[in-house]
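In: Next input, structure requested:
(one chain, ligands or ions: 1)
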Amino acid sequence: MQNQLKAILEEAKEQLDKASSLGETEELRIKFLGKKGKLTEILRSMKSLSPEERKTLGQTANSTRGQIEAILEEKFAMMKELQKATKLKSEKIDVTEPGSLIQLGVKHPISITIDEISKVFMNMGFRIIEGPEIETVFNNFDALNAGPNHPARDFTDTFYITEDVLLRTQTSPVQVRTLMKDNPPIKVISPGRCFRCDTPDATHSPMFHQVEGLVVDEGISMADLKGTLDSFAKQMFGSNAKTKFRPHHFPFTEPSAEMDVSCFKCGGKGCKVCKGSGWIEILGCGMVHPNVLAVGHVDTEKYTGFAFGMGVERIAMLKYGVDDIRLFYENDMRFIQQFK
Ligand code: DAH
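Out: Reported below is the predicted structural model:
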């Protein structure tokens with residue numbers, strides 16, 4: 001048995017020396033020291049020996065176990081080191097390699113323009129409100145005094161969802177909602193999306209943005225309208241900007257006007273941007289029609305108001321020299337990033 005133990009130790013040494021992975025080492029541990037291992041087998045068979053023999057053999061067996069354990073410990077440590085080294089090698093990162101650039105988002109030029117317009121009006125004490133893009137035909141047309149045969153109601157101009165519901169064609173229905181909900185004094189602007197059945201081209205898009213304005217109070221006159229909008233033009237386009245009001249027609253205002261701004265490209269001399277006239281049309285406006293005030297149960301004997309509406313894309317195009325409205329919706333980062 002002494003010889004057997006010696007042989008086991010030799011065998012263990014030899015096989016552990018060849019083991020080349022953690023798994024193999026563990027297998028050998030079980031083979032030699034496990035419950036059904038070679039050493040255990042010998043210890044079991046010691047029962048048949050005399051106490052004397054058992055004592056000496058027991059000592060040899062313990063020392064054999066100790067030696068195998070020591071070799072195993074060393075081998076396990078070595079294998080773990082090896083495993084770590086292999087892992088480190090496979091996960092190696094070359095920090096000197098050029099990285100991939102993370103592209104940061106920027107504000108869209110339409111948002112930038114809405115923010116700029118909003119800031120000017122906020123500084124004049126206007127509140128900013130929003131209305132829904134899906135509107136009733138009543139709010140979008142009837143309440144705004146558009147007659148039953150008004151051409152804008154046409155199926156070819158308006159996206160109808162049902163007979164009574166549509167995608168708003170203008171931000172003006174927010175005026176109706178405000179008049180029905182709030183009491184004067186009212187001083188609000190409302191930016192948002194609008195929709196019309198237009199075939200996209202350089203100046204048309206089926207979706208676009210407007211900023212609506214509404215002021216209702218005692219004693220509001222056309223002079224307030226002109227003063228407010230002239231001040232807006234000077235803050236938006238530069239202190240040298242001049243304004244001009246031309247008579248126009250809108251169903252929801254009386255009188256109605258369109259406001260032109262002196263061309264901010266040529267200063268009024270005439271150029272390509274203003275098509276030689278020196279003026280650029282910027283918005284529609286007027287004194288709120290009594291029929292519209294009446295929908296909101298405003299006392300028309302006591303209160304008057306003015307309203308205005310402007311196209312955001314048009315202002316952005318003029319201001320930034322963009323010649324095709326479709327560029328705003330293509331999400332080409334090379335275009336969008338220019339407006340930072
Ligand atoms: N809603 C008009 C449009 O889409 C713009 C407009 C004109 C709004 C005059 C107004 C206004 O509030 O008073 O063409």
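In: okay, CA-based contacts and neighbour counts for the rest of this
Out: Fine.
In: which other residues reach stretch 77-87?
Out: By Cα atoms under 8 Å, 6 or more residues apart in numbering, the residues outside stretch 77-87 that reach it are 20-22.
In: Would you mind listing which of those residues are buried?
Out: Among the contacts of stretch 77-87, those classed as buried by 16 or more other Cα atoms under 10 Å are L22.
In: Which of the contacts of stretch 77-87 fall within strands?
Out: Using DSSP state E, no member of these falls within strands.
In: What are the contacting residues of stretch 251-267?
Out: The contact list for stretch 251-267, computed with Cα under 8 Å, 6+ apart, reads 144-147, 233, 237-238, 241-250, 268, 270-271, 273-274, 278-289, 291-292, 306-307.
In: ignore the last one, stretch 181-199
Out: 114, 118, 121, 125-131, 133, 156-159, 167-171, 174, 204-218, 296, 298, 303.
In: what subset of the residues you listed is also close to the ligand?
Out: By Cα under 6 Å from any ligand atom, the members of those lying near the ligand are 170, 212.
In: so of the contacts of stretch 181-199, which ones are in helices?
Out: Using DSSP state H, the subset of the contacts of stretch 181-199 located in helices is 114, 118, 121, 174.
In: about what we covered before: with distance to A61 and pLDDT as added columns, please give the contacts of stretch 77-87 in CSV.
Out: What follows is the contacts of stretch 77-87, written out as CSV (distance: Cα to Cα, whole Å; pLDDT from 0 to 100):
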residue, distance to A61, pLDDT
S20, 27, 86
S21, 27, 85
L22, 26, 85
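In: just the buried members of the contacts of stretch 181-199?
Out: The neighbour-count test (16+ other Cα under 10 Å) applied to the contacts of stretch 181-199 identifies 114, 118, 121, 126-128, 130-131, 133, 158-159, 167-171, 174, 204-206, 208-217, 296, 298, 303 as buried.
In: Those in strands, which ones?
Out: Short answer: these in strands (DSSP E) are 127-128, 167, 208-217, 303.
In: hang on, the earlier thing: and the ligand, which of the contacts of stretch 251-267 contact it?
Out: Answer for these near the ligand (Cα under 6 Å from any ligand atom): 284-286, 307.
In: Nearest residue to V261 in space, please, no chain neighbours.
Out: Closest residue to V261 apart from its sequence neighbours, by Cα to Cα, 6 or more residues apart in numbering: T243 at 4.6 Å.
In: phi, psi of the one you found?
Out: The phi/psi pair for T243 (degrees, to the nearest 10) reads phi -120, psi 160.
In: tell me the contacts of it?
Out: When contacts are counted by Cα under 8 Å, 6+ apart, T243 touches 230, 233, 259-262.
In: Closest one of the ones next to the ligand among the contacts of stretch 251-267 to V322?
Out: G284 (21.6 Å; Cα to Cα).
In: give the contact list for that closest one.
Out: 256-259, 308-310.
In: State whether it is indeed within a helix.
Out: No - assessed with DSSP: H, G, I helix; E, B strand; the rest coil, G284 is strand; it does not lie in a helix.
In: The residue lying closest to it once chain neighbours are set aside: neighbour count?
Out: Of all residues not flanking G284 in the chain, E258 sits nearest, at 4.5 Å (Cα to Cα, 6+ apart). By other Cα atoms under 10 Å, 20 other residues sit near E258.
In: Can you classify E258 by secondary structure?
Out: Quick answer, by three-state DSSP: E258 is strand.
In: partner residues bridging it?
Out: Beta-bridge partners recorded for E258 (DSSP bridges): R246, G284.
In: if we can go back for a sec, narrow the contacts of stretch 251-267 to those in helices?
Out: Using DSSP H, the contacts of stretch 251-267 in helices are 233, 237, 291-292.
In: and those, which two are the farthest apart?
Out: Spatial extent of these (Cα to Cα) is set by the pair F237 and N291 at 33.9 Å.
In: can you pull out the strands in this structure?
Out: Under DSSP E, the chain gives strands at 127-128, 134-136, 165-167, 186-195, 207-218, 243-250, 253-262, 279-288, 303-311.
In: just the contacts of T243 now: which is nearest I102?
Out: Looking across the contacts of T243 and measuring by Cα to Cα, the closest to I102 is A233, at 38.5 Å.
In: how far away is the closest one from A241?
Out: 7 Å (Cα to Cα, to the nearest Å).
In: Comparing those two, which residue is more hemmed in?
Out: Higher neighbour count among A233 and A241: A233, with 22 against 19, using other Cα under 10 Å.
In: per-residue confidence for A7?
Out: We have a pLDDT of 86 for A7.
In: count of residues packed around it?
Out: 12.
In: now the one 10 residues further on
Out: Neighbourhood size, D17 [other Cα under 10 Å]: 13.
In: which residues sit in contact with T178?
Out: With contacts defined as Cα under 8 Å, 6+ apart, T178 is in contact with G296.
In: And L167, by the same measure?
Out: Counting by Cα under 8 Å, 6+ apart, L167 touches 133-135, 158-161, 194-196.
In: Check the gap between it and V137 for me.
Out: Using Cα to Cα, L167 is found at 9 Å from V137.
In: As a check, name the ranges of all helices in the stretch 1-150 of the chain.
Out: Ranges of helices in the stretch 1-150 of the chain, per DSSP state H, counting those that start in this stretch, are 2-18, 22-33, 38-45, 51-90, 109-123, 137-140.
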